[in-house]
Each structure stands twice: as C-alpha cells, then as structure tokens.
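Colleague: Whatever this is, show me its structure:
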Amino acid sequence: MQVRGLLLLLALILLAATAEAGKNKKEKGKKDDSECEDWRWGPCVPNSKDCGLGYREGTCKDESKKLKCKIPCNWKKKFGADCKYKFESWGGCSAQTGVKTRSGILKKALYNAQCEEIVYVTKPCSSKVKSKSKGQSPPLPS
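Modeller: Residues are numbered from 1 along each chain as shown. Coordinates of the predicted model:
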C-alpha cells in the first residue's frame with residue numbers, strides 16, 4: 001500500500017513539474033508583447049558589405065523594433081532578398097545577343113516588400129556543347 005502511495009505522489013510531482021516547465025516555454029516563446037498589428041518593415045540591411053547577417057527595422061504607430069535577418073551572398077541583389085520568384089526554364093540562346101533569358105513571377109513578398117510582379121534575368125550562353133550521352137562509356141577497342 002505504501003509503494004502505491006509513493007508512486008502516486010511521485011507521479012503528481014512529475015506532473016506538476018511538467019506543467020510548470022510548459023508555462024515557462026510558453027512565456028519564453030512569446031516574443032511580441034505589442035498589441036500593434038500594422039507593422040511596416042524596412043529592407044534587410046547587412047552589418048557589413050552587401051550580404052550576410054544584418055537587421056531590419058519595423059515601425060508601428062509610435063513603436064519600433066529591430067529583427068535579425070540575413071541576405072544570402074549568392075542572392076540576386078537586383079530583386080532584393082525579400083522578393084521570392086518562381087522562375088521558368090531558360091530559353092534558347094540568342095545568336096544576336098549571345099545570352100539566354102528567363103522570367104520569374106512573384107511568388108511571395110516578405111515583410112511587405114515592394115516587388116515587381118514579373119522579372120527577367122539573362123546570362124551568357126554556354127560555349128560548351130553538352131553531350132546527351134551521360135552515363136555511357138565509350139566503346140572498347142577490339
């Protein structure tokens with residue numbers, strides 16, 4: 001009988017400790033104590049150079065905040081890191097200009113960024129001729 005009572009007491013202690021830990025996680029996870037809902041966010045400003053870690057400033061009425069952000073160093077800087085596009089396949093190579101083109105349609109604008117609906121990108125045509133026989137070995141001499 002005492003063992004059963006001891007186990008019940010132990011279970012209650014564990015339950016109370018778990019409930020208390022859950023409260024602390026909820027309080028810790030709550031980052032925003034502001035009631036303002038109409039935040040306006042600026043662009044991500046890198047700490048140094050033109051990419052890497054940085055911050056963005058936001059304002060709402062008379063409040064202001066800074067959030068950490070990151071601009072990937074291989075990002076298409078022309079579009080901004082807050083504009084995400086869905087790109088189609090590359091078009092054929094233009095013999096006149098020596099470049100190929102593709103377009104991208106805006107998929108998502110983060111932090112209310114001002115993004116173009118459609119963007120066009122170009123890149124030089126490859127001078128290499130790609131062979132279609134990948135994975136095949138050359139015939140052996142007899």
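
Colleague: and stretch 81-88, what's its mean pLDDT?
Modeller: If you average the pLDDT over stretch 81-88, you get 89.

Colleague: what's the answer for stretch 127-142, then?
Modeller: The average of the pLDDT scores along stretch 127-142 is 61.

Colleague: which residues in the protein form strands?
Modeller: With DSSP state E as the criterion, the chain has strands at 40-41, 45-46, 52-60, 63-71, 83-87, 99-109, 118-124.

Colleague: For the fourth one, name the packing helices and strands.
Modeller: Identification of packing neighbours for strand 63-71 by 3 or more Cβ pairs under 8 Å, 6 or more residues apart in numbering; DSSP states H and E yields strand 52-60. For every residue, glycine as well, the C-beta is placed using N, CA and C.

Colleague: returning to that earlier point: reformat the strands of the chain as a markdown table; add distance to residue 93.
Modeller: What follows is these, written out as a markdown table (distance: least, Cβ to Cβ, whole Å):
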| stretch | distance to residue 93 |
| --- | --- |
| strand 40-41 | 40 |
| strand 45-46 | 35 |
| strand 52-60 | 34 |
| strand 63-71 | 31 |
| strand 83-87 | 17 |
| strand 99-109 | 5 |
| strand 118-124 | 9 |
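
Colleague: Out of those, flag the one nearest residue 4.
Modeller: In terms of Cβ to Cβ, the element of those nearest to residue 4 is strand 63-71, at 52.3 Å.

Colleague: That closest one - which strands sit beside it in the sheet, and in what orientation?
Modeller: strand 52-60 (antiparallel) (DSSP bridges).
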